[in-house]
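[1] make a model of this:
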Amino acid sequence: MKTIGLLGGMSWESTAHYYEAINELTKARLGGLHSAPIAMVSLDFAPIEVVQHTGDWDDLADRLITGARQVQAAGAGCLVVCANTAHIVADEIQAAIDIPLLHIADATAQALARDQVTSVGLLGTSFTMEEAFYKDRLAHRYGLDVMVPESSDRQYIHGAIYRELVRGEINDDTRAGFVKIIDALAAQGAKGIILGCTEIGLLVQQVHTAIKLYDTTVIHAEAAVQWALSG
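    Numbering: from 1, shown residues only. Below you'll find the model as predicted:
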């Protein structure tokens, strides 16, 4: 099994979920006492959150490239960036390293294709829901019809992510708010919902709604294990 590289800490709560999911999937595939070879660098999220909200994507790229190179130097054969928003600089990261970056949007689109779902709702930070880097990749590369919540709902989701979820706070009222937004997207024609922030899956699970949820953390972890076991 090849060594998976994780660039985490954005936030550490969801990175811990990545680590658990990758190892659970490895155990399920290989059995016995098997676990995944992983090289991980976990970043300090506080300064990253600042540059995200100031829109200094060059600074973000520099920080993540430094971490990605450390992951590569530790012996990883691929790179998994454990965050959706951070993929806004995925191309810059890939250009700076010699190992493949397993893009979270690609893995998610492939999961949707397997289920023959072409119309999806997208939840995430305002950056993920509003900027082109994520929606356009899904639409142009994979032909998906991507819907996002209305403006006030996008603000609600973004605020909850940074006030609560990245801090590990899980609240029933917030879950109810997310489910209401999910149900509205379903009523507009969405056949699936992308949980396009790696913390949302900690709050909302399939038991909370009838529409199919696509948890990008789990999907990304599955793609990493598939890569590690291939070839």
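
[2] could you use CA atoms for every contact and neighbour count after this?
    Noted.

[3] show me what contacts the residue nearest the centre of the chain?
    Using C-alpha atoms, centre = their mean, the residue of the chain that lies closest to the mean C-alpha position is N84, 3.9 Å off. Counting by C-alpha atoms under 8 Å, 6 or more residues apart in numbering, N84 touches 104-105, 124, 128, 196-198.

[4] repeat for D44
    Contacts for D44 (C-alpha under 8 Å, 6+ apart) come out as 9-10.

[5] let's see the pLDDT reported for it.
    Note for D44: predicted pLDDT of 98.

[6] the protein: helices as residue ranges?
    Per DSSP state H, the chain has helices spanning 12-30, 45-54, 57-73, 90-96, 104-114, 126-130, 132-136, 142, 151-163, 172-187, 200-203, 216-229. These are given in chain order.

[7] okay, now the domains of this protein?
    Using automatic domain parsing, the domain parsing of the chain gives 4-103+219-229, 105-215.

[8] distance from the centroid: which residue in this structure tops it?
    Of all residues in the chain (C-alpha atoms, centre = their mean), G32 lies farthest out, 28.8 Å.

[9] do you know how far that one is from N23?
    Distance of G32 to N23, computed by C-alpha to C-alpha, to the nearest Å: 12 Å.

[10] where do the contact lists of these two overlap?
    Common neighbours of G32 and N23 (C-alpha under 8 Å, 6+ apart) do not exist.

[11] surely L102 meets A224?
    Yes: applying C-alpha atoms under 8 Å, one finds L102 in contact with A224, separated by 7.3 Å.

[12] touching both of those two, which residues are there?
    Overlap of the contact sets of L102 and A224 (by C-alpha under 8 Å, 6+ apart) consists of V80.

[13] report how many residues lie close to D91.
    Neighbour count for D91, taken as other C-alpha atoms under 10 Å: 13.

[14] if I look at it, how far off is H220?
    Using C-alpha to C-alpha, we find D91 at a distance of 17 Å from H220.

[15] equivalent analysis for S119, please.
    Using C-alpha to C-alpha, one gets 20 Å for the distance from S119 to H220.

[16] so which of these two has more stuff around it?
    A direct count of neighbours by other C-alpha under 10 Å for S119 and H220 places H220 higher, at 27 against 18.

[17] check what pLDDT the more buried one gets.
    pLDDT for H220: 98.

[18] name the nearest residue to N171, sequence neighbours excluded.
    Spatially, and ignoring its direct neighbours in sequence, N171 is nearest to L203 (7.8 Å; C-alpha to C-alpha, 6 or more residues apart in numbering).

[19] was I right to think that neighbour contacts R175?
    Yes: with contact defined as C-alpha under 8 Å, L203 counts as touching R175 (6.1 Å).
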